[in-house]
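Make a model of this:
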Amino acid sequence: MPKNALYAQSGGVTPVINASAFGVIHAARQHRDRIGTVYAAENGVLGILNERLIDTAQLSDAQLALLKNAPGGAFGSCRHKLKHGAELKRLFEVFAAHDIGYLFYNGGGDSADTCLKVAEYAQYQGLELTAVHVPKTIDNDLPLTDNSPGFGSVAKYVATSIREAGLDVASMASSSTKVFILEVMGRHTGWIAAAAGLASDRDGAPPHLILTPEVPFEAGRFLKAVQETVARVGYCAIVASEGLRDTHGVFLSDAGSTDAFGHAQLGGVAPLLANLIKTELHHKCHWAVADYLQRAARHIASATDLAQAIAVGEAAVHYALAGIKSVMPAIVREDSEPYRWRLEPVPLLDVANREKPLPLEYLTSDGMHLSAAGRDYFLPLLQGEAPPPYLDGLPAYPSWQFELVSPRLTGFNAV
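The predicted structure is shown next:
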């Protein structure tokens, strides 16, 4: 009898994470002689620990295809740092109870760590399990891969947003708002903010300033740049990463708390910058925080990003069936013009708990604008449109309702 497979989503979702779910499940269905039931965990690793599993056979092929067009996490996600001891032991009890031989864990850097823990435990205990990490993160900070599925669509969203908002501000700047700030995600890296620089297609076009964690924030230098831009262009549109740090490495907007993985919770850098501008330069300033809107914007997804999200899911299954375990499908760029890429497995040991910073060469020497090298890197990732179906003028997204399989173990209280 073939072993069963388990797929789970983890961490913050992306506009195309469900496309990776499609890739995994669809590929597994092509190998029914080697993979039995394909389960999905409800709410990531918490669903595994609590034995809340979904038999994906509930989805017809037509319903399965809908995953490619849907934002959010169809099966639910979570932020939970898997603990050694009771939790790892429980995980493998669930695997044994449901004859799981393959684990496909879809997430970012912290999820890679979880997947690696599971793989190492299986190897140490001599247990039969093939674990493969399926990459995704809008932050684009996974190492050993050219880019991360989810990033291209978010980059497309923020570049579009700052271009449109800039036109709005420009039309009112003579009598009203002079400065607009768009805060985007990026706790430790500035990939998303830098990609917004693609919106500037001519001299004087927004964004006029880009602020990233890789370039220490200096108030005086920033205010001078804002003032010079207003004097030259008439207004100033800014994109800022949430993780801006001062010259001492301290977050500008540290809220004083941490998440499940010990990461600092950030309290919003845009209002801090706006207040600084109003106080020191006396310009009327508006700000917005993209927040969940950027990672949920499936309506403006990049076709390139969608294709890569599906491909990494499919590749994970192919690697597992070939006996390649404890790896992540990495995207390798072969050329930028025309854009060509391929996938190859990289060891999870070299991915987990590591971050890839934005190269400073992707910014100009002042650290506040996108360079030619940065434009060459980012531009292919935004290419192509892949709109979802529309109904009554709005995106027609499915509402997922799944029945859970009957539990075979006693309860476990994982939160």
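
What's the per-residue pLDDT of the residue nearest to Ala290 when sequence neighbours are not counted here?
Once flanking residues are discounted, Ala290 sits nearest to Val184: 5.0 Å by CB to CB, 6 or more residues apart in numbering. For every residue, glycine as well, the C-beta is placed using N, CA and C. pLDDT, Val184: 98.

what residue ranges in this protein score low on pLDDT?
255-267 (pLDDT under 70).

could you pull out the helices for it?
17-29, 44-49, 61-65, 86-97, 109-125, 151-172, 191-195, 219-233, 270-281, 291-296, 303-321, 372-378 (DSSP state H).

what residues are up against the residue nearest to Ala290?
Residues in contact with Val184 (CB atoms under 8 Å, 6 or more residues apart in numbering) are Val158, Ile192, Ala193, Ala196, Val239, Ala240, Ser241, Glu242, Ala290, Gln294.

how much space between it and Glu242?
Val184 sits 7 Å away from Glu242 when distances are taken as CB to CB, to the nearest Å.

Equivalent analysis for Glu228, please.
For Glu228 relative to Glu242 (CB to CB), the value is 25 Å.

the more surrounded of those two?
Under the criterion of other CB atoms under 10 Å, the comparison of Glu228 against Glu242 puts Glu242 first, with 25 against 12.

Isn't the more buried one up against Met185?
Yes: with contacts counted by CB atoms under 8 Å, Glu242 reaches Met185, the gap being 5.8 Å.

Go ahead and name everything in contact with stretch 137-146.
Contacts to stretch 137-146, defined as CB under 8 Å, 6+ apart, come from residues 11-12, 14, 107-109, 112, 135, 147-148, 150-151, 153-155, 185-189, 191-192, 294-295, 328, 330-333, 341, 346, 350-351, 354-357.

Turn the buried ones among these into a named PyMOL selection, would you?
Command for PyMOL that selects the buried part of the contacts of stretch 137-146, burial taken from 16 or more other CB atoms under 10 Å:
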select buried, resi 11+12+14+107+108+109+112+135+147+148+150+151+153+154+155+185+186+187+188+189+191+192+294+295+328+330+331+341+346+351+356
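
what's the domain layout of this protein?
Domain ranges of the chain: 3-137+299-354+387-395, 151-297, per automatic domain parsing.

looking at these, which is closest to Phe378?
Among the domains of the chain, the nearest to Phe378 by CB to CB is domain 151-297 (4.7 Å).

got the end-to-end distance for that closest one?
Taking CA to CA, to the nearest Å, domain 151-297 runs 11 Å from one end to the other.

Count the neighbours of Gly323 for me.
Using other CB under 10 Å, Gly323 has 7 other residues around it.

which residues touch the closest residue to it other than its chain neighbours?
Of all residues not flanking Gly323 in the chain, Thr130 sits nearest, at 7.2 Å (CB to CB, 6+ apart). The neighbours of Thr130, taking CB under 8 Å, 6+ apart as the test, are Gly101, Tyr102, Leu103, Ala320, Gly323, Lys325.

one more time with 7 Å, if that's ok
With contact taken as CB atoms under 7 Å, 6 or more residues apart in numbering, Thr130 is in contact with Gly101, Tyr102, Ala320, Lys325.

from the residues you listed, which is closest to Ala41?
Among those, and counting by CB to CB, the member closest to Ala41 is Tyr102, at 13.0 Å.

Ala386 versus the closest one, what's the distance?
Between Tyr102 and Ala386 the computed distance is 28 Å (CB to CB).

Those two: who's more crowded?
With neighbours defined as other CB under 10 Å, Tyr102 and Ala386 compare such that Tyr102 has more, 27 against 20.

Could you pull up the residues touching the closest residue to the more buried one other than its chain neighbours?
Nearest residue to Tyr102 in three dimensions, chain neighbours excluded: Ala5, at 3.9 Å (CB to CB, 6+ apart). Listed by CB under 7 Å, 6+ apart, the contact set of Ala5 reads Ala28, Ile35, Val38, Tyr39, Ile100, Tyr102, Phe104.

Among those residues, which one is most surrounded by other residues?
Top of those by neighbour count (other CB under 10 Å): Phe104, with 29 neighbours.

quick one: contacts for it?
Counting by CB under 7 Å, 6+ apart, Phe104 makes contact with Ala5, Tyr7, Val24, Val132, Val134, Ala316.

For the second one, give the beta-bridge partners.
Going back to what we said before, that points to Tyr7. Ala40, Phe104 (DSSP bridges).

Is it in contact with Ala40, as I believe?
Yes: Tyr7 is within contact range of Ala40, at 5.0 Å (criterion: CB atoms under 7 Å).

Tell me how many other residues crowd Phe180.
Phe180 has 27 neighbours, counted by other CB under 10 Å.

Kindly provide the distance from it to Trp191.
Phe180 is 21 Å from Trp191, by CB to CB.

Same check on Phe402?
With CB to CB as the criterion, Phe402 and Trp191 are 33 Å apart.

sorry, back to before: if you compare the helices of the chain, which one is most tucked away?
Mean neighbours per residue, mean count of other CB atoms under 10 Å, is largest over the helices of the chain for helix 191-195, with a mean of 31.

what's that helix packed up against?
Judged by 3 or more CB pairs under 7 Å, 6 or more residues apart in numbering; DSSP states H and E, helix 191-195 is in contact with helix 151-172, strand 209-211, strand 236-241.

Please enumerate residues in contact with that helix?
With CB under 7 Å, 6+ apart, helix 191-195 has contacts from 138-141, 151, 154-155, 158-159, 184-186, 210-212, 239-241, 358, 362-363, 370, 374, 378.

mind saving the C-alpha coords of that helix as CSV?
Output of helix 191-195 as CSV, limited to C-alpha atoms (Å, rounded to 0.1, in the frame of the first residue of the first chain):
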residue,chain,number,x,y,z
TRP,A,191,12.8,43.7,-0.8
ILE,A,192,9.2,44.9,-1.0
ALA,A,193,9.9,48.6,-0.6
ALA,A,194,12.7,48.5,-3.1
ALA,A,195,10.5,46.7,-5.7
